[in-house]
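Visitor: Return atomic coordinates for the entry below.
(one chain, ligands or ions: 2)
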Amino acid sequence: MHGLLDGKRIVVTGAARGLGFHFAKSCAEQGAMVVMCDILAGELAESAHSLREQGYRIEDYVIDLADSASIDATFAAIAESGAIDGLVNNAAMATGVGGKNMIDYDPDLWDRVMNVNVKGTWLVTRAAVPLLREGSGIVNVASDTALWGAPRLMAYVASKGAVIAMTRSMARELGEKRIRINAIAPGLTRVEATEYVPAERHQLYENGRALAGAQQPEDVTGSVLWLLSDLSGFVTGQLIPVNGGFIFN
Ligand SMILES: NC(=O)C1=CN([C@@H]2O[C@H](COP(=O)(O)OP(=O)(O)OC[C@H]3O[C@@H](n4cnc5c(N)ncnc54)[C@H](O)[C@@H]3O)[C@@H](O)[C@H]2O)C=CC1
Ligand SMILES: Cc1ncc2c(c1O)C(=O)OC2
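Guide: Ligands and ions are numbered 1, 2, ... in the order given. I've put the predicted structure just below:
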């Protein structure tokens, strides 16, 4: 069996559910050993167990991106079993952060969203870098809402814009270590976290795509696998929208 990620050890944050779970699973299917991290301890244990039952090599760690001590402790534990070959910065506050316009938005929620989505991505990347082998790839999961400016989702949109900009800056620094870092910008994808999104919003996306219709997690995994693999070995600092060709204006 030859997989795109044979023998690589890949860390995926936010892997208990949603897109992160699909990224973890597809990395495992491509031959990787996967380190699944999430704040949801119970769901993480169940998800890791379900993949182990399918014969995959999975480690799982509880982590809180809002707590730098938790991040450093998790990566110290990961380091005990050796180096890593890739990282997917997928965890983010993506649920319960929208629906309010900018006038009514709660400043404390703004702080939490920025803290987890932006600072958390930096702190995780910082903790991972000493463990990453030369040639490794990092994938930051942004969102196409940052490209077209989804309304009533302001803090989230701002946080993803920051992730995109941070990716470009980090690429220049990490290039010195021969580590690549890129971002993807998925469109609205059908997962538990987006079930609350009103039907009209789903319709707007689905009708606005060059490839019309619903976006599933399976539509996003290929881009992550490619960016983690040696096939993208000269690609860094880039943003790849993975949204079926959503038309922005
Ligand atoms: N579903 C969608 O339509 C889209 C999602 N995205 C992005 O994809 C990524 C995954 O989101 P979904 O699967 O949709 O949502 P989700 O809410 O199911 O997944 C997010 C995961 O991150 C974890 N997480 C949240 N806060 C954390 C913290 N402080 N520490 C550690 N883990 C934490 C959650 O427990 C959860 O498992 C996010 O970065 C999201 O912004 C981007 C574009 C579209
Ligand atoms: C929470 C949330 N709500 C709506 C949307 C997204 C999202 O993550 C997204 O990325 O595109 C639209």
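Visitor: can you tell me if stretch 8-27 touches ligand 2.
Guide: No: residues of stretch 8-27 contacting ligand 2 under C-beta under 6 Å from any ligand atom: none, with a closest distance of 9.6 Å. Heads up, the C-betas are built off the backbone N, CA and C, glycines and all.
Visitor: Quote the end-to-end distance of that stretch.
Guide: 9 Å (C-alpha to C-alpha, to the nearest Å).
Visitor: Now it: average pLDDT?
Guide: Averaging pLDDT along stretch 8-27 gives 98.
Visitor: Can you give the distance of that stretch from its chain's centre?
Guide: For stretch 8-27, the distance from its own C-alpha centre to the chain's C-alpha centre is 8 Å (C-alpha atoms, centre = their mean, to the nearest Å).
Visitor: just stretch 120-130 next, same as before
Guide: 13 Å.
Visitor: Return the alpha-carbon coordinates of that stretch using PDB.
Guide: Extracted in PDB, the C-alpha atoms of stretch 120-130 (Å, rounded to 0.1, in the frame of the first residue of the first chain):
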ATOM      1  CA  GLY A 120      -3.800  30.000  19.400                       C
ATOM      2  CA  THR A 121      -2.600  29.300  15.800                       C
ATOM      3  CA  TRP A 122       0.600  31.200  16.500                       C
ATOM      4  CA  LEU A 123       1.200  29.500  19.900                       C
ATOM      5  CA  VAL A 124       0.600  26.000  18.400                       C
ATOM      6  CA  THR A 125       2.900  26.700  15.500                       C
ATOM      7  CA  ARG A 126       5.600  28.000  17.800                       C
ATOM      8  CA  ALA A 127       5.400  24.900  19.900                       C
ATOM      9  CA  ALA A 128       5.400  22.600  16.900                       C
ATOM     10  CA  VAL A 129       8.400  24.100  15.000                       C
ATOM     11  CA  PRO A 130      11.200  22.500  17.100                       C
END
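Visitor: got the contact list for it?
Guide: 11, 13, 63, 65-66, 68, 71-72, 74-75, 79, 84, 87, 89, 91-92, 138, 140, 163, 166, 170, 174, 177, 179, 181 (C-beta atoms under 8 Å, 6 or more residues apart in numbering).
Visitor: If we go by neighbour counts, what in the lowest-mean-pLDDT helix or strand in the chain is buried?
Guide: Lowest mean confidence among the helices and strands of the chain (mean pLDDT, DSSP states H and E): helix 199-208, at a mean of 92. For helix 199-208, burial by neighbour count (16 or more other C-beta atoms under 10 Å) applies to 201-202, 205-206, 208.
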